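# I would like to see how this sequence folds:
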Amino acid sequence: MKIGIFIPSYNAGKFLERVIDRVPESIKDNIHKIWIINDGSTDDTGIIAAKLAASNDNINVLTFQKNRGYGAVVKAGLGAAKETGLDYIICLHGDGQYPPESMPDMLHKAAAGGYDIIQGSRHLNKGAAEGGMPLYKIIGGKILVFLENLVFGLSQTDYHSGYLCYSKKVIEKVKFENLSPSFDIDLEIIASARASALSISEIAISTRYADEVSYLNPFTYGLRVLRVLYKYISGHYRRRCVNNDF
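Sure, this is the predicted structure:
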């Protein structure tokens, strides 16, 4: 099994080294590449990333001179994975909010169950509440998840975690270059995968809300989620975001 990891990193200098150190030993032999994607950071993210790359041949650093946004980072990570022929690619954020220790569970469930997307759920075992997620986010998220399950015909507990494991099939089938430049790109990938009958599941993850900085506006993000659902119902993702050659 060939695994890749891409790490969105914006002003994540004080977390990045610890995130890499926490990658479990049990999967290290299968990790083909790690891409640290520095999205125009203004702190020492670039310096830390270069230091990590110098000490590990599997680590590559992709640097945007200006901040291009989360969507551009995800597209760069998936694009790099597509060119490398990986079996699975995991998006692991550089701010330490998501636990690297959960990657073996993600990969096991994906491989054993034949799933194309595994999402880390902060709500499956009440990890969000225990990790300090604000109550308004928990309530707002539950409302959106109810609507998303209704539209997608699934029974997920969390569509808004950025901790995702994708199979090679997702990378080949989804035209991610046509997707959002913002935080809703994760949901658009799920919508595109669902439009092409790819399988989706989740695992419970722990989470924490501490001193990391969120760059997501919950109100505008909620509106973007509703727009994704409308576009899915209208057939947009089936027409525009799925590559039927695979």
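# what is the mean pLDDT for stretch 205-222?
Here stretch 205-222 scores 71 as its mean pLDDT.
# start to end distance for that stretch?
One end of stretch 205-222 sits 22 Å from the other (CA to CA, to the nearest Å).
# from here on, count from 15
Happy to do that; since the first residue is 15 now, the last one works out to stretch 219-236.
# what's the single longest helix in the protein?
In the chain, assigned by DSSP state H, the helix with the most residues is helix 149-166.
# whichever helix or strand comes after that helix packs against which elements?
Using DSSP states H and E, the helix or strand that follows helix 149-166 in sequence is strand 178-181. Counting contacts by 3 or more CB pairs under 8 Å, 6 or more residues apart in numbering; DSSP states H and E, strand 178-181 packs against strand 102-105, helix 117-127, strand 131-135, helix 199-209. Any C-beta I mention is one placed from the backbone N, CA and C, and that applies to glycine too.
# CA atoms of the helix or strand following strand 178-181 as CSV?
Per DSSP H and E, the first helix or strand lying C-terminal to strand 178-181 is helix 182-187. Output of helix 182-187 as CSV, limited to C-alpha atoms (Å, rounded to 0.1, in the frame of the first residue of the first chain):
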residue,chain,number,x,y,z
LYS,A,182,-6.8,6.5,-5.8
LYS,A,183,-10.2,6.2,-7.4
VAL,A,184,-11.3,9.6,-6.0
ILE,A,185,-8.2,11.3,-7.3
GLU,A,186,-8.8,9.9,-10.7
LYS,A,187,-12.5,10.4,-11.0
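# keeping just the C-alphas, turn the strand ranked longest in the chain into CSV.
Counting by DSSP state E, the longest strand found in the chain is strand 45-53. Provided in CSV are the C-alpha atoms of strand 45-53 (Å, rounded to 0.1, in the frame of the first residue of the first chain):
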residue,chain,number,x,y,z
ILE,A,45,4.4,6.5,3.3
HIS,A,46,5.7,7.3,-0.1
LYS,A,47,5.5,11.1,0.1
ILE,A,48,4.6,13.9,2.5
TRP,A,49,3.8,17.3,1.1
ILE,A,50,3.9,20.3,3.4
ILE,A,51,2.0,23.0,1.6
ASN,A,52,2.9,26.4,2.9
ASP,A,53,0.1,28.7,1.9
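# who does it pair up with?
Sheet pairing of strand 45-53 (DSSP bridges) gives strand 17-23 (parallel), strand 73-78 (parallel).
# other residues contacting it?
Contact with strand 45-53 is made by 16-24, 30, 34, 37, 59-60, 63, 66-67, 70, 72-78, 81-84, 86-87, 90-91, 94-95, 98, 100, 108, as judged by CB atoms under 8 Å, 6 or more residues apart in numbering.
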